[in-house]
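Peer 1: Provided below are the primary sequence and the corresponding predicted coordinates.
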Amino acid sequence: MRKSDKSKHNISIAFIKRSTIKPYDDFKWTKFYESNSDFPYSGLNLNLTENEMIICSTIIDSENYSILTSQKLITNENGIESSGNLVNAKDKGYGDFKGYKDDSFTLGLLELENGTELKYFIETGKASMIMINGMRTLIRMEK
């Protein structure tokens with residue numbers, strides 16, 4: 001049985017909260033959202049469907065960000081946007097965390113059902129658990 005967007009959102013947020021060290025609002029670029037109205041970046045054109053909900057994001061600036069919704073992953077890297085549905089997606093890695101104290105972010109990688117690879121931004125340190133666990137949870141539900 002297919003889960004609703006609201007159900008996928010609630011399950012993902014609950015898992016993120018269980019696996020992320022508090023305080024959650026202490027991270028520079030990464031946040032999760034209890035509702036779409038909590039998403040503060042109105043200048044980004046997300047083209048969400050009627051029931052689609054924003055789960056979490058890593059927003060470095062207007063040219064570099066990743067947003068995970070209940071239906072897809074949207075990444076804008078150096079002003080070039082790409083997105084993909086997570087049904088049957090495979091996690092291909094979480095980037096380079098060696099020496100992360102020198103780098104504020106890394107890039108994770110997904111393989112979509114059609115074989116296309118899609119990168120996503122992950123803030124290093126404790127904040128990494130938000131995007132990683134949001135992604136893991138949603139991929140598990142979409143199999």
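Peer 2: Received the coordinates, thanks. Predicted model only: the values in this text are computed from it and were never measured.

Peer 1: Give me the contacts around the one helix or strand residue 133 maps to.
Peer 2: Using DSSP states H and E, residue 133 falls within helix 128-141. Helix 128-141 has contacts (Cβ atoms under 8 Å, 6 or more residues apart in numbering) with 3, 8, 11-12, 15-16, 19-21, 24, 27, 30-32, 55-56, 58, 66, 68, 70, 73, 86, 89-91, 94, 97, 106, 108, 110, 120-123. To be clear about C-beta, it is placed using only N, CA and C from the backbone, and glycine gets the same treatment.

Peer 1: And the residues you listed, which of them are buried?
Peer 2: Taking 16 or more other Cβ atoms under 10 Å as the criterion, what is buried in the contacts of helix 128-141 is 8, 11-12, 15-16, 20, 24, 27, 30-32, 55-56, 58, 66, 68, 70, 73, 86, 89, 94, 106, 108, 110, 120-123.

Peer 1: Of those residues, which belong to helices?
Peer 2: Using DSSP state H, 8, 11-12, 15-16 are the members of those that sit in helices.
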